[in-house]
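In: need coordinates for the below:
(one chain, ligands or ions: 2)
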Amino acid sequence: MSARTVTLLGATGSVGQATLDLIARAPQGAYEVVALTANTNAADLAAAARRVGARFCAVADERAGPALAEALAGTGIACGAGPGAVLEAAAMEAGWVMAAIVGAAGLQPTLTAVRRGACVALANKEALVCAGALMIEEAARSGSVLLPVDSEHNAVFQAFDPAQRAQIRRIILTASGGPFREAGLETMRRAGPAEAVAHPTWSMGAKISVDSATMMNKGLEIIEACHLFALPQEQVDVLVHPESVIHGLVEYADGGLLAQLGSPDMRTPIAHALAWPARMETPVERLDLAQVGRLTFQAPDPERFPALDLARGAFKAGGAAPAVLNAANEIAVAAFLAGQIGFLDIAAVVSEALDEGMGGPEGAPAPASLEAVLAADALGRRLARKAAAGLAR
Ligand code: NAD
Ligand code: MG
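Out: Residues are numbered from 1 along each chain as shown. Ligands and ions are numbered 1, 2, ... in the order given. Got it, this is the predicted structure:
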């Protein structure tokens, strides 16, 4: 069998490193790494590129360029710096691309891989939230296969029988509930970055960890699911499941539910996408259900976690709203991590940005071009900066 050629966008992050770990454990010759990218971490990127024998490396931050070039001197591995170099990496001819850049920064590189018809393993949910319609349309045009890596969507993808689409009643995304699942509003008001990123079951990057604590992560995932599975949001439910053992479910007309289960370790959904349509070994801890003993479930609390309704509202509004929501959330999370606003202010900033940025009838058409998406993203950032400045302490 010939090697699968792969490129990793966001190779130094939590998902990127987990993907590299699986590639390192795969049988010799199964994967051939074409390109790796990162934002600023030239040292880790160069080390990974040497280890896997990548052909090309790119850092998005131009200032990290000289360090990258120096770290790769004499290896024969080509490199570049700046957003254009990341796009160049995405455009190289790898058949499989892991889209694991965090935030809307991943949109253009991911779209570049989609447009050339690559098989794209999609971790970068923000790209789908702000440009879902465009992404799905471009994938249909190029023949690009989108493989969901987000654990819930990967679970649903495995349980979703497209031939029975008319018999599918709803899908259910599970949520751990995050570190504040049981916390009172006063505790949440006082929470700082250290408490918010301390996720009970998953180990992830800082931004998605804060999103899990506000449950905006689940809000973004509702929108992500609507695009990936072409469902109206009324058919996408959220269920709090603190053990994070069941990742997603599909309910059929006959009342049966199909679920995918596993230890909360991203290497399982990543491996599913990496080997797809085959399967591969992973070192993931096997699920011992007798040991787990009991699985529990509860409905999400919309009072303490308003982000869920904000996301549903933005998707319903359509037009620029989902991109505004996503961009405002990125700004609010960054302001929270920098100690500028409180934890509960994150949803308040997003809400204010949406109120100011929306208007017009519900169900407006989604931005049809990359330029329109970028304009909506810029608007969301501007409105959120203003709202955050008003709340700054
Ligand atoms: P992370 O912060 O650990 O890593 C982010 C990666 O993106 C890094 O390689 C970083 O260098 C790169 N990056 C950041 N800003 C960039 C920019 N401006 N331009 C180019 N590259 C940039 O994040 P993560 O936890 O690995 O998450 C990555 C994506 O996967 C996110 O969209 C997240 O929502 C999604 N996701 C992550 C997990 C998880 O377990 N970590 C689970 C599901 C989905
Ligand atoms: Mg998820």
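In: give me every residue that touches the closest residue to ligand 1 within the stretch 1-150 of the chain.
Out: Residue of the stretch 1-150 of the chain nearest ligand 1, by CB to the nearest ligand atom: G13 (1.9 Å). (Glycine included, C-beta is placed from N, CA and C.) G13 is in contact with A38, A100, I101, V102, G205, counting by CB atoms under 8 Å, 6 or more residues apart in numbering.
In: ok, it to T282 distance?
Out: From G13 over to T282 the distance is 19 Å, taken as CB to CB, to the nearest Å.
In: quick check: end-to-end length of stretch 73-90?
Out: End-to-end span of stretch 73-90 (CA to CA, to the nearest Å): 22 Å.
In: who's in contact with that stretch?
Out: Here stretch 73-90 has contacts from 7, 9, 35-37, 46, 49-50, 53-65, 68-69, 72, 97, 101, 108-110, 112-113, using CB under 8 Å, 6+ apart.
In: that stretch vs ligand 1: in contact?
Out: Yes: Stretch 73-90 is in contact with ligand 1 by CB under 6 Å from any ligand atom, via V86.
In: the chain should start at 785 in everything you say after this.
Out: Fine by me, first position is 785 from now on; the one you just mentioned is stretch 857-874.
In: how much space between the residue of the stretch 985-1134 of the chain found nearest ligand 2 and ligand 1?
Out: The nearest approach of the stretch 985-1134 of the chain to ligand 2 comes at E1005, 5.5 Å away (CB to the ion). For E1005, the distance to ligand 1 (CB to the nearest ligand atom, to the nearest Å) stands at 9 Å.
In: then that residue would be within a helix, right?
Out: Yes: judged by DSSP: H, G, I helix; E, B strand; the rest coil, E1005 forms part of a helix.
In: show me what from this protein comes close to ligand 2.
Out: D934, S935, E936 (CB under 5 Å from the ion).
In: make it 6 Å
Out: Neighbours of ligand 2 within the chain, by CB under 6 Å from the ion: D934, S935, E936, E1005.
In: farthest-apart pair in these, please.
Out: S935 and E1005 (9.6 Å; CB to CB).
In: give me the more crowded residue out of these two.
Out: Neighbours per residue (other CB atoms under 10 Å) separate S935 from E1005, with E1005 holding more: 28 against 25.
In: does that one touch D934 like I think?
Out: Yes: counting by CB atoms under 8 Å, D934 is a contact partner of E1005 at 6.3 Å.
In: what's the average pLDDT for the helix or strand hosting L1158?
Out: Assigned by DSSP states H and E, L1158 belongs to helix 1154-1175. Mean pLDDT, helix 1154-1175: 96.
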